[in-house]
Every structure is written in C-alpha cells, then in structure tokens.
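below are the sequence and a predicted model; questions follow.
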Amino acid sequence: MDDKTKWNEKYNKRLNDEPVEPEPNRRLKDRVSFFSGGTALDIACGLGGNSILLAEHNFHVQAIDISDVAIKYVQEQAEKKQLPIDTRIYDLTKLNKLNWKDQSFDIVVITYYLDRALFPIVKSVIKENGYFFMETYYLTPEKEGKGVSNQYKLQPKELQTEFADWTIHYFEENEQEGRQTIFCQKP
Ligand SMILES: C[S@@+](CC[C@H](N)C(=O)[O-])C[C@H]1O[C@@H](n2cnc3c(N)ncnc32)[C@H](O)[C@@H]1O
C-alpha cells in the first residue's frame, strides 16, 4: 500500500472513531512566547493541530501533507475558525517540484515525520532569526524493535548535531517516550 492510501485510511478511521479536534504538540505550545507572527510552514501537517496553533498566533501558515483526507480536514477547520492556513497536498519525497523560496518562513515545524533530505531545505527556507521546531522518534534501547520502524527514527542527539550552529533554545530527549525535540533559531 502506498503512503497516501495508508495515511488516508488512518485519518478516515481517526475522524470517524474519534471526531475530536487534534491538539497541537505540547512542547511547541510551550514555546508560544517566542512567536511574533509572520509566515509559517507545517511540513507533514496531518490533521493540522500545529497549523491551527500557529495561525492563532498570527502566522500565515502553509500546511502540507500527502493525505488529501487530512488536508481537507485542515481546510475545513481553517474556514470554520477563519484562520489563514493555505493547504497543499504534496508528496514530500518529490522535493524537486517544491517552490519554496529561500528565507521565506519565520518558522518551520515538523512533527513525527522524518526525511533527512528536508534538513538542507529547512535551513535555507527559514529567514535569519527564524525558528525551527522538530519532534519525532529517536533510537533508544528501550523502544528498540517496538512500534515505529527504525528507519523513521533519529539517531541519539541527531537534531542537536544537525543544528549545532543555530541557537538551540530547547532540546530534549525523552527516553521513555522515545522522542527527540528541538526548538532552535537560525543565526
Ligand atoms: C505521524 S503523522 C504526523 C502528523 C502531524 N505532523 C502530527 O504530528 O500530528 C505523519 C504525517 O506525514 C504524512 N506523510 C507521510 N508521507 C508523506 C509524504 N511522502 N509526503 C507528505 N506527507 C507525508 C502523513 O500523511 C501524516 O500526516
């Protein structure tokens, strides 16, 4: 089954079984004091919990995902709440067709989607002094072989190393939950 079909099935089930609005990432929400509006990019946005948080804090958001089911839901939420969220259905593995301009976003957010080919792109599309927030699974002995496949996991401290020349405002590895989080600012 391809990724689009897989995620559409998951989201159809989730929206049917549990019709509650998605929550934003807690650690992103804890950083709202840094937000001063502008342009935001939510990569692999899913049902858009993070996009809505950003739009509610004066960002004009571009939300992108492969799942048309998720994107339709985000669009409906944006219309209902009258929030500035532009949505786009796109397969991020086909990066060549993305037309983001260098230094065009004040913040980029990626949660629970890992494609290392995005790192150089993220670094160039964020404006000087702009922010990057990312959280996803990383390789821990505790979680080895359980749940998420290792191919979708970061190495220990990987984001800290990848963004070592940025100002790192927050970095956390939670061994029990097997997640790594970074919030950093471009020099
Ligand atoms: C674990 S979900 C995370 C969603 C959201 N960021 C969150 O934290 O709730 C992974 C997301 O990646 C999207 N995705 C998977 N493969 C993709 C691809 N090739 N291009 C774009 N989005 C993709 C899925 O549709 C799904 O919404």
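Great, that's in hand.

can you report how many residues lie near Gln151?
Gln151 sits with 6 neighbouring residues when counted by other CB atoms under 10 Å. Quick note: C-beta positions are derived from backbone N, CA and C, even for glycine.

shouldn't it be within a helix?
Yes: counting by DSSP: H, G, I helix; E, B strand; the rest coil, Gln151 falls inside a helix.

residue contacts, Arg27?
133, 135, 170, 172, 181, 183 (CB atoms under 8 Å, 6 or more residues apart in numbering).

tell me which two of those residues sit farthest apart.
Of all pairs drawn from the contacts of Arg27, the one with the longest distance (CB to CB) is Phe133 and Glu172, at 11.8 Å.

overlap in contacts, those two.
Contact with both Phe133 and Glu172 is made by residues 27, 181, according to CB under 8 Å, 6+ apart.

stretch 170-179 near the ligand at all?
No: contact of stretch 170-179 with the ligand (CB under 6 Å from any ligand atom) is absent, the minimum separation being 10.8 Å.

hey, C-alpha coordinates of that stretch in PDB?
Written as PDB, here are the backbone C-alpha positions of stretch 170-179 (Å, rounded to 0.1, in the frame of the first residue of the first chain):
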ATOM      1  CA  TYR A 170      15.300  23.800  23.700                       C
ATOM      2  CA  PHE A 171      16.500  20.300  23.200                       C
ATOM      3  CA  GLU A 172      15.100  17.200  24.900                       C
ATOM      4  CA  GLU A 173      15.300  13.500  24.500                       C
ATOM      5  CA  ASN A 174      12.600  11.600  26.400                       C
ATOM      6  CA  GLU A 175      13.900   8.100  26.700                       C
ATOM      7  CA  GLN A 176      10.700   6.600  28.000                       C
ATOM      8  CA  GLU A 177       8.600   8.000  25.100                       C
ATOM      9  CA  GLY A 178      11.500   7.600  22.700                       C
ATOM     10  CA  ARG A 179      11.100  11.200  21.300                       C
END
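
buried residues in it?
Using 16 or more other CB atoms under 10 Å as the test for burial, stretch 170-179 gives 173, 178-179.

which SSE is immediately downstream of the strand of greatest length in the chain?
Longest strand in the chain, counting residues (DSSP state E): strand 126-137. Per DSSP states H and E, the first helix or strand lying C-terminal to strand 126-137 is helix 158-162.

and that following helix, what does it pack onto?
Contact here means 3 or more CB pairs under 8 Å, 6 or more residues apart in numbering; DSSP states H and E; on that basis helix 158-162 packs against strand 167-174, strand 179-185.
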